[in-house]
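Engineer: need the 3D shape of this:
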Amino acid sequence: MHHSSKQTYRARWVMPIDGDPIPNGMMIVQSGRIASISSFQDSKNEGELIDLGDVAILPGLVNTHTHLEFSDLPKPVGHTGMELADWIREVITTRGMVDHQTRQQNVLKGHAEATASGTQLIADIETTPMESIAPNTIAFAEVLGLSQERGDERMSQAERHLANNTSPDSRCDVAAISPHAPYSTPLPLIERCVQVAKQRKTTLAMHVAESPAERELLTNGSGPFAESLRTLGLPIEAFFPWTKANPVSHLIQLLAKSPRALIVHGNDLSETEIEQVKSHPNCSIVYCPRTHHFFQHSNHPVAELLAAGINVAIGTDSRASNPDLDLWGEVQHLLKHRPDLNPTDVLRMATANGADALGRSATHGRLAAGMPANFITVATSADRVDQLWSDFSSSSVSSSSMSSAARPAPQS
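Structural biologist: Just a heads-up that it's a prediction; the model follows:
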C-alpha cells in the first residue's frame, strides 16, 4: 500500500462486541489490522484521520446458516404459515434437478447479495460438487438420502469436497459437512457424517427439532412428515420411527461428538434437550428469525437458550423461506419483535456468536486489537445506548467500509 498504512477511524459509536459500546470512539488501524480501540483523543490520533461522522462501527456480520443455491428465487416458496413438511415437498418439486452451473451462479448471486448488506462470513449449505467456494464462505456439503444409493452418492461427494478444501492444520478450512435433517438422512448416514467431521476436524451442521411434525415422525413414524415422504414415494417404514427412546436427545448426543456442531433451527427443543445442548460447549444453536416467522412456528426458545448460556447464532436460511439474504434484517426483526431479548445479545448473535460457532473467533465477529479491520457502519445520531438500539431497528447497514478498502497485509 502506497498511501499511509496507519488510519484513525472516528465515529459517533464503536461497537467492539466483547465490551460496551464506546461513544465518540476511535479505531486505529495499521496495515489493515486493528491496533487499538478507545474513546477519541485528539493527541492519540495517528496517521490519516477518517471521521465517519454519525455512524456506529460494527464488525462485519456472520450469517451462520443459509442455502445460497436458492438465491434466484424472487420470493419464498409456498405461503406463510404452511406446514413445514408440505413446504419441503413443494421445494423438492419446484426445484427439480437444477444443473450444476445454474447452482454455482445462484450461489454467487446470493453471495453478492449477502455481502452487499454487511455480511462478511457465510456458512452455506451446498449440493456438492461446487467448482469453487466463494470468498468468506464455509461451504457445508449437504448429505441426505433415504435410499442407500442416494446416501452413498451424497456422502462420497461430501468426502471429496472436504478432501479438496481442508488442510491438516485446519486453521483456514473453507469446507464442512451437513447431514441435512432427521427426516431425510437415516441414522447410520448421520453417524458417518460425524465420523468424517471428527477425521477432518471440521464443523458439522444439521437441521434439528425444526417442528413438532419432525418429532412425531421420529417417535411414532406418523404425522405430516410421514404423509409427505409417502407422497414422494419413499419407503418410510424402513426408517421411521427411530428405535431410540428419545430420538431428539439421541441425535444431540451424537452430533455433539463432532468438533463443532451447529444445531440449526431448534424451534421445538424441550427443556431437557436445552439442558443437554448446554452440557456440550462445542454445540451452538442457529436461529433463523424471519424463516421461523414465515412458518408461524410457536415462540422460539431463544431467550431460554441464552439464559442457559448456550451459544446462539443467527442465519437468514434461504430465499425459499425468507424475502432476502440481509442478515441485518434478522437483527432488526428481533429488535422489533422480541423485546424480551437484550439488544446486546441480538447483536452478539449476528457477530461474535456466529464466528465462535464456526471456529472463526480469531478473525471475525468482533473488533479487537490484532484482528483484521473489516467493519461495517450503521447510521445513528444516538447520544445514549437505548437510542442506539432504536436507530439500529430502522437504519440499514451503509457499507462494508474496510472489506475492500484495506486488506490485512499477508503474514510473512
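Engineer: going by C-alpha atoms from here, please, whenever you check contacts or count neighbours.
Structural biologist: OK.
Engineer: can you classify the closest residue to Ser39 other than its chain neighbours by secondary structure?
Structural biologist: Nearest residue to Ser39, sequence neighbours excluded (C-alpha to C-alpha, 6 or more residues apart in numbering): Gly25, at 4.2 Å. For Gly25, the assignment made with DSSP: H, G, I helix; E, B strand; the rest coil gives strand.
Engineer: ok, now Gly309?
Structural biologist: Under three-state DSSP, Gly309 falls in the coil class.
Engineer: same question for Arg192.
Structural biologist: Per three-state DSSP, Arg192 ends up helix.
Engineer: ok, now how distant is it from Pro21?
Structural biologist: 44 Å (C-alpha to C-alpha, to the nearest Å).
Engineer: which one of those two is surrounded by more residues?
Structural biologist: For Arg192 versus Pro21, neighbours defined as other C-alpha atoms under 10 Å are more numerous around Pro21 (20 against 14).
Engineer: which residues are in contact with that one?
Structural biologist: Contacts for Pro21 (C-alpha atoms under 8 Å, 6 or more residues apart in numbering) come out as 13-15, 385.
Engineer: circling back: need the contact list for the residue nearest to Ser39.
Structural biologist: Gly25 is in contact with 10-14, 37-40, counting by C-alpha under 8 Å, 6+ apart.
Engineer: that one bridge partners, please.
Structural biologist: In this entry, Gly25 is beta-bridged to Ala11, Ser39, by DSSP bridges.
Engineer: sorry, back to before: out of the contacts of Gly25, who's the most crowded?
Structural biologist: Taking other C-alpha under 10 Å as the neighbour criterion, Trp13 ranks highest of the contacts of Gly25 with 30 neighbours.
Engineer: name the residues that touch the helix or strand where that residue lies?
Structural biologist: Trp13 is part of strand 6-14, with elements assigned from DSSP states H and E. Applying C-alpha under 8 Å, 6+ apart, the contact partners of strand 6-14 are 21-31, 40, 45-58, 380-381.
Engineer: now do stretch 158-170
Structural biologist: For stretch 158-170, the external contacting residues (C-alpha under 8 Å, 6+ apart) are 128-129, 141-143, 172-177, 196, 200-202.
Engineer: inside strands: which ones of those?
Structural biologist: If you go by DSSP state E, the contacts of stretch 158-170 have 141-143, 175-177 in strands.
Engineer: in JSON lines, list those along with pLDDT, neighbour count and distance to Leu84.
Structural biologist: Output for the ones in strands among the contacts of stretch 158-170, formatted as JSON lines (pLDDT from 0 to 100; neighbours: other C-alpha atoms under 10 Å; distance: C-alpha to C-alpha, whole Å):
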{"residue": "Ala141", "pLDDT": "97", "neighbour count": "29", "distance to Leu84": "22"}
{"residue": "Glu142", "pLDDT": "97", "neighbour count": "23", "distance to Leu84": "19"}
{"residue": "Val143", "pLDDT": "97", "neighbour count": "31", "distance to Leu84": "20"}
{"residue": "Ala175", "pLDDT": "95", "neighbour count": "26", "distance to Leu84": "28"}
{"residue": "Ala176", "pLDDT": "97", "neighbour count": "30", "distance to Leu84": "26"}
{"residue": "Ile177", "pLDDT": "98", "neighbour count": "29", "distance to Leu84": "23"}
